[in-house]
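In: Any chance you could fold what I've pasted below:
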Amino acid sequence: MSDLVELGTAVDAAQGVGNTLGVFAFGVSGALLAVRRQFDVVGITVLAVATATGGGIIRDVIIGATPPTAFVNPMLAGVALLSALVIFFWHPPRKLVRTPLNVADAIGLGIFCVTGTVAAFQHGMSTWAAAALGVVTAVGGGIIRDVLAGVTPSVLSDGELYAVPALLGSAVTAALLHFGFYTYWTGGLAGAGAVGLRLIALWRHWHAPVARPHRRRDPV
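Out: Residues are numbered from 1 along each chain as shown. Predicted coordinates for the structure are as follows:
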């Protein structure tokens with residue numbers, strides 16, 4: 001019984017801290033993309049909040065946790081608004097936005113693939129379903145951000161690995177939960193691994209395999 005209590009405490013602590021950090025990181029990434037697209041203060045705010053809460057809302061609707069956490073926990077919206085406010089008053093020149101945007105996005109991706117998996121697992125989802133919903137939580141906000149900004153979502157077009165780090169982080173987290181090895185630290189390492197893989201992929205320009213185009217045959 002004490003082991004179960006300890007696991008529950010670790011999960012709750014990780015969820016509280018992780019969700020707050022993830023919301024802020026994704027809010028920053030949304031606000032930075034809005035700056036890059038030359039949006040006004042309203043656009044910056046909308047993109048920050050949508051990016052920060054979108055993936056979690058999708059996950060909660062799928063697992064039936066309604067109303068979604070983003071609508072019942074005002075602190076999450078407050079953190080997202082804070083990220084928009086920070087970027088509105090302080091941001092790098094528009095030409096230099098890409099690097100901090102990628103870093104903030106990678107941090108949010110790594111955190112949410114862990115917290116999303118945990119939330120789904122706590123709601124009674126199977127191990128594989130929890131991992132899948134962890135990926136949805138991690139990439140959902142970025143997809144909403146990119147669509148609202150009028151660009152092709154990174155998960156579909158970005159040459160460097162994007163969904164793969166989220167998938168690995170979610171799978172590791174789900175395995176830790178399934179076998180009872182999840183703690184605050186092991187969950188943090190799973191998220192850090194996803195962040196690290198995404199950043200290394202950006203640095204080394206690692207790409208997922210692409211379909212080769214058919215060669216045209218010259219007419220005889």
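In: So, low pLDDT: which residues of this structure?
Out: For the chain, residues meeting the criterion pLDDT under 70 lie at 1-14, 158-159, 214-220.
In: my guess is Val61 meets Thr69, correct?
Out: No - with contact defined as Cβ atoms under 8 Å, Val61 does not reach Thr69; the gap is 10.9 Å. All C-beta spots, glycine's among them, are computed from the backbone N, C-alpha and C.
In: Which of those two has more residues huddled nearby?
Out: The residue with more neighbours, out of Val61 and Thr69, is Thr69; 17 against 12, by other Cβ atoms under 10 Å.
In: Report the separation between that one and Val103.
Out: 25 Å (Cβ to Cβ, to the nearest Å).
In: Likewise for Val139?
Out: Counting by Cβ to Cβ, the gap from Val139 to Val103 is 17 Å.
In: phi, psi of His207?
Out: For His207, the backbone dihedrals (degrees, to the nearest 10) come out as phi -120, psi 150.
In: ok, Pro165 - contacts?
Out: Contacts for Pro165 (Cβ atoms under 8 Å, 6 or more residues apart in numbering) come out as 106, 109-110, 113, 193-195, 197-198, 201.
In: so where does Phe112 fall, helix or strand?
Out: Phe112 belongs to helix 98-122 when assigned by DSSP states H and E.
In: Go through that helix and flag the buried ones.
Out: 101-122 (16 or more other Cβ atoms under 10 Å).
In: what do you get for stretch 76-87?
Out: For stretch 76-87, using 16+ other Cβ under 10 Å, the buried residues are 76-77, 79-80, 83-85, 87.
In: can you give me the angle whichever strand or helix holds Arg145 makes with helix 98-122?
Out: Per DSSP H and E: Arg145 is located in helix 127-149. Calculated by axes from the mean of the first three to the mean of the last three Cα atoms, to 10 degrees, helix 127-149 forms an angle of 140 degrees with helix 98-122.
In: Please pull up the helix or strand immediately following the helix or strand hosting Ala52.
Out: Following DSSP H and E, the helix or strand that holds Ala52 is helix 41-63. Where DSSP H and E defines the elements, the next helix or strand beyond helix 41-63 is helix 69-72.
In: other SSEs contacting that following helix?
Out: helix 41-63, helix 74-89 (3 or more Cβ pairs under 8 Å, 6 or more residues apart in numbering; DSSP states H and E).
In: Can you give the contact residues for that helix?
Out: So helix 69-72 is contacted by 19, 53, 56-57, 60, 76-77, 119 (Cβ under 8 Å, 6+ apart).
In: how far out from the middle of the chain is that helix?
Out: Between the centre of helix 69-72 and the centre of its host chain there is 17 Å, according to Cα atoms, centre = their mean, to the nearest Å.
In: Could you find the closest non-adjacent residue to Leu32?
Out: Using Cβ to Cβ, 6 or more residues apart in numbering and skipping residues adjacent in sequence, the residue nearest Leu32 is Leu101, 4.2 Å away.
In: Next up, the contacts around that neighbour.
Out: By Cβ under 8 Å, 6+ apart, the residues touching Leu101 are 29, 32-33, 36.
In: For Ala163, state which of the residues you listed is nearest.
Out: Ser29 (15.8 Å; Cβ to Cβ).
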